[in-house]
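S.K.: Dropping the sequence and predicted coords here.
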Amino acid sequence: MAKIKKCIGCGIELQNESSEKQGFVPKSVLESRKEIYCQRCFKIKNYGEYLPVEMTKEDYRKEVGKQAERADVVLAVFDIIDFEGSFDDEILDILREKDSIIAINKLDLVPGEKHPSEVSDWVKERLADEGIAPLDIAILSAKSGYGVNGIIRKLRHFFPDGAKAMVLGTTNVGKSSIINGLLGDKKVTTSKYPGTTLKSLENIISGTKLTLIDTPGLIPEGRVSDMVCEECNLKIVPANEISRKTFKLEKDRVLMFGGLLWMKVMNSEKAIFSAFASKDVSFHETNEGRLEDLLRDHSGDAISPPCEKCRDEYAALPMKKEEWTVESGEELVFKGLGWISVKRGPLTIEVTIPEGAEIILRDAFIKPRR
Ligand SMILES: Nc1nc2c(ncn2[C@@H]2O[C@H](COP(=O)(O)OP(=O)(O)OP(=O)(O)O)[C@@H](O)[C@H]2O)c(=O)[nH]1
Ligand SMILES: [Mg+2]
């Protein structure tokens, strides 16, 4: 039997039987060419079209587990803007066991001046908290190209005789974009939608003995961005520099991150803090008494995300209330959404958020403006 061909964009096995199923290509293409894109990749690459897939979260996990066994080193990619949202238990487990280089991507989205070495120190400490000691950390932007070649240097330094490097991470952190940067070619399919890469995919960096294995992104627990529709997901995951707004709120005032979560100030001394999220997430200040009316009348338009389409579904999610006290120099992170950074604390708040969403307290990544 002839060897099964794989799509060079997303790794899926190619077939010519059903155009409704993933991996489809016309028979003539399948038989004549060596390097082939499936119909889905063709549409993503040429028309930016989103096409749902049949793969499940578990299929992705299986594929990642298989590749982790073969790889000599893991190139783990994290999104600097949603660092905690890029954490997944399986990824952390793999990193505790295998040699790794950590790539912190999307540096271009960080507001203001932040020196890469500062980011690197902060990441090192956060990973040490998780029991992870990587070989090295690279700070980069696949978008601007900054720091991409540094990864090749690091891989060559630690593996002078060559290596199979598996690129690992949650969906949308930019794994495939980094691979394209390393290959110097836009060969692999990337898109703004999560779940672009379907199976593993190998490429050799020319002029080296380094093989890169692209893998599908894992979907971690607890991200707010996974609880809304596809369009709102795109709004929550920042594509451009994020927005930052500073607040000094009276007791009982409420700050809303769109209609996704809200926090009531509990302390009588006014604390000062900044809120960070994608520019498409609107911040609103209100009174507790007005909150319900606002959500009922404006969620989906003035207060969004969620949008009109997914607001009812979001409103039906079971919610939880959690009280948090955040000291000066600390941040409270809402996984898959954004964070607040306290300049003058302590700030005590009662946060209302879907039960499945995770909240994390950390040392400040971005100190509020003076
Ligand atoms: N601003 C910015 N966007 C980036 C950067 N790297 C990737 N992106 C964008 O992030 C989105 C996801 O990129 P991909 O490379 O497809 O991400 P992936 O990790 O391979 O995603 P999956 O295959 O779905 O797991 C795309 O819209 C990219 O353009 C970066 O450095 N900066
Ligand atoms: Mg990908």
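M.R.: Structure's in. What do you need? The shown structure was predicted, so the numbers you read here are calculated from the model rather than taken from an experiment. Ligands and ions are numbered 1, 2, ... in the order given.
S.K.: How many residues are close by the residue of the chain found nearest ligand 1?
M.R.: In the chain, the residue that lies nearest ligand 1 is residue 217 (2.3 Å; CB to the nearest ligand atom). C-beta here means a position set from N, CA and C on the backbone, and glycine is covered the same way. Residue 217 has 24 neighbouring residues, counting by other CB atoms under 10 Å.
S.K.: Do I have it right that residue 122 meets residue 139?
M.R.: No: applying CB atoms under 8 Å as the test, residue 122 and residue 139 come out as separate, 10.2 Å apart.
S.K.: residues of whatever helix or strand residue 58 lives in that come out buried?
M.R.: Assigned by DSSP states H and E, residue 58 belongs to helix 57-70. For helix 57-70, burial by neighbour count (16 or more other CB atoms under 10 Å) applies to 60, 63, 64, 67, 68.
S.K.: These: which ones sit near ligand 1?
M.R.: When contact is defined as CB under 6 Å from any ligand atom, these do not meet ligand 1 at all.
S.K.: Check which residues of stretch 200-208 are buried.
M.R.: Neighbour counts using 16+ other CB under 10 Å place 200, 201, 203, 205 of stretch 200-208 among the buried residues.
S.K.: Can you give me every residue that contacts the last one?
M.R.: Under the criterion of CB atoms under 8 Å, 6 or more residues apart in numbering, the neighbours of residue 205 are 152, 182, 183, 211, 212.
S.K.: In helices, which of those residues fall?
M.R.: 152, 182, 183 (DSSP state H).
S.K.: what about the helix holding residue 58 and ligand 2, touching?
M.R.: No: counting by CB under 5 Å from the ion, ligand 2 is not contacted by helix 57-70; separation bottoms out at 10.8 Å.
S.K.: The helix or strand that that helix is followed by relative to helix 57-70, how many degrees between them?
M.R.: Downstream of helix 57-70, the first helix or strand assigned by DSSP H and E is strand 73-79. Here the directions of strand 73-79 and helix 57-70 differ by 140 degrees (axes from the mean of the first three to the mean of the last three CA atoms, to 10 degrees).
S.K.: Which elements pack onto strand 73-79?
M.R.: Secondary-structure packing of strand 73-79 (3 or more CB pairs under 8 Å, 6 or more residues apart in numbering; DSSP states H and E): helix 89-97, strand 100-105, helix 148-158, strand 163-168, helix 175-183.
S.K.: In terms of secondary structure, what does the helix or strand of the chain with the lowest mean pLDDT contact?
M.R.: Averaged element by element with mean pLDDT, DSSP states H and E, the chain has its least confident helix or strand at strand 299-300 (a mean of 86). Where contact means 3+ CB pairs under 8 Å, 6+ apart, strand 299-300 is packed against strand 303-307, helix 311-315.
S.K.: can you give me the offset of it from its chain's centre?
M.R.: Mean-position distance between strand 299-300 and its chain equals 24 Å (CA atoms, centre = their mean, to the nearest Å).
S.K.: What lies in contact with that strand?
M.R.: Residues outside strand 299-300 that contact it (CB under 8 Å, 6+ apart) are 259, 306, 307, 308, 309, 311, 315.
S.K.: what about 10 Å?
M.R.: Outside strand 299-300, the residues within contact range by CB atoms under 10 Å, 6 or more residues apart in numbering are 232, 256, 258-260, 305-312, 314-315.
S.K.: Show the buried residues in the residues you listed.
M.R.: When those are checked for burial by 16+ other CB under 10 Å, the buried set is 232, 256, 258, 259, 260, 305, 306, 307, 310, 311, 314.
S.K.: which two from those residues end up farthest apart in space?
M.R.: 256 and 310 (16.6 Å; CB to CB).
S.K.: circling back: and the least confident helix or strand of the chain, which strands flank it?
M.R.: Strand 299-300 has the following sheet partners, assigned by DSSP bridges: strand 303-307 (parallel).
S.K.: Show the average pLDDT along stretch 236-256.
M.R.: Per-residue pLDDT over stretch 236-256 has a mean of 93.
S.K.: did I read that right, residue 333 in a strand?
M.R.: Yes: Residue 333 forms part of a strand when assessed by DSSP: H, G, I helix; E, B strand; the rest coil.
S.K.: Show me which residues of the stretch 101-250 of the chain are close to ligand 1?
M.R.: Counting by CB under 6 Å from any ligand atom, the residues of the stretch 101-250 of the chain near ligand 1 are 105-106, 108-109, 141-143, 169, 171-177, 190-192, 194-197, 216-217, 239.
S.K.: Next, the buried residues of stretch 26-41.
M.R.: Result for stretch 26-41 [16+ other CB under 10 Å]: buried residues 30, 36, 37, 38, 39, 40, 41.
S.K.: Report pLDDT for the closest residue to residue 151 other than its chain neighbours.
M.R.: Spatial nearest neighbour of residue 151, chain neighbours left out: residue 138 (5.1 Å); criterion: CB to CB, 6 or more residues apart in numbering. Among the per-residue scores, residue 138 holds a pLDDT of 96.
S.K.: helix, strand or coil for residue 138?
M.R.: strand.
S.K.: Find the residue at the geometric middle of the protein.
M.R.: The chain has residue 173 as the residue nearest its centroid, 4.3 Å off, counting by CA atoms, centre = their mean.
S.K.: quick one: contacts for that residue?
M.R.: Residue 173 is in contact with 76-83, 85-86, 103-106, 142, 167, 194, 217-218, 237, counting by CB under 10 Å, 6+ apart.
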